[in-house]
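Participant: This is a predicted model, with the sequence first.
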Amino acid sequence: MPGYGDSPPAETVLTAQGRVAFLDHVLQQLGMQRPVLISPSMSGRFALPFLLVRRDQLSGFVPIAPVGTKDYTAEQYRRVQTPTLILYGDRDTGLAPQALQNLQHLPEHHVVVLPGAGHACYLDKPEDFHQALLGFLRQLK
């Protein structure tokens, strides 16, 4: 993601609109139609505004304790009908509870908590993570 890790900062992604446009461009360039968007941690700054604005372009959404959930209202979340798997580790006591408090307003959500996993639950418990993710993917239309 621009501005994270070793990538240089980019003015185009300083706003939510810019981040939506960036993610839209990436998906178009990859030729992806109605993908499932998986959003761990910092990627929430890109995924959440995309979900709220372009929800019809997604088959599903998998937030993993993403940042930025408090930037949106319960009413904004309630408008999203995208099937959602809220996934996090039970040892993530910082960001996960806050994200769950906000994301639980998504009408089509299911929650999976991975025991013994921290913030990067997909690294701590990869088999459990993949089992939950594959189960969610199988139920999508």
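Facilitator: That came in fine, so what should we check first?
Participant: and the gap between Leu106 and Phe136?
Facilitator: 13 Å (C-beta to C-beta, to the nearest Å). In this view, the C-beta of every residue, glycine as well, is placed from N, C-alpha and C.
Participant: sorry, that was for Leu95
Facilitator: 21 Å.
Participant: can you pull out the strands in the protein?
Facilitator: 36-40, 60-64, 84-89, 109-114 (DSSP state E).
Participant: And the first one, what does it pack against?
Facilitator: In this case it means strand 36-40. Judged by 3 or more C-beta pairs under 8 Å, 6 or more residues apart in numbering; DSSP states H and E, strand 36-40 is in contact with helix 44-54, strand 60-64.
Participant: Any chance of a markdown table for the strands of the chain, columns mean neighbour count, mean pLDDT and distance to Val20?
Facilitator: Below are the strands of the chain laid out as a markdown table (neighbours: other C-beta atoms under 10 Å; pLDDT from 0 to 100; distance: least, C-beta to C-beta, whole Å):
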| stretch | mean neighbour count | mean pLDDT | distance to Val20 |
| --- | --- | --- | --- |
| strand 36-40 | 20 | 96 | 12 |
| strand 60-64 | 25 | 97 | 14 |
| strand 84-89 | 24 | 97 | 18 |
| strand 109-114 | 17 | 96 | 21 |
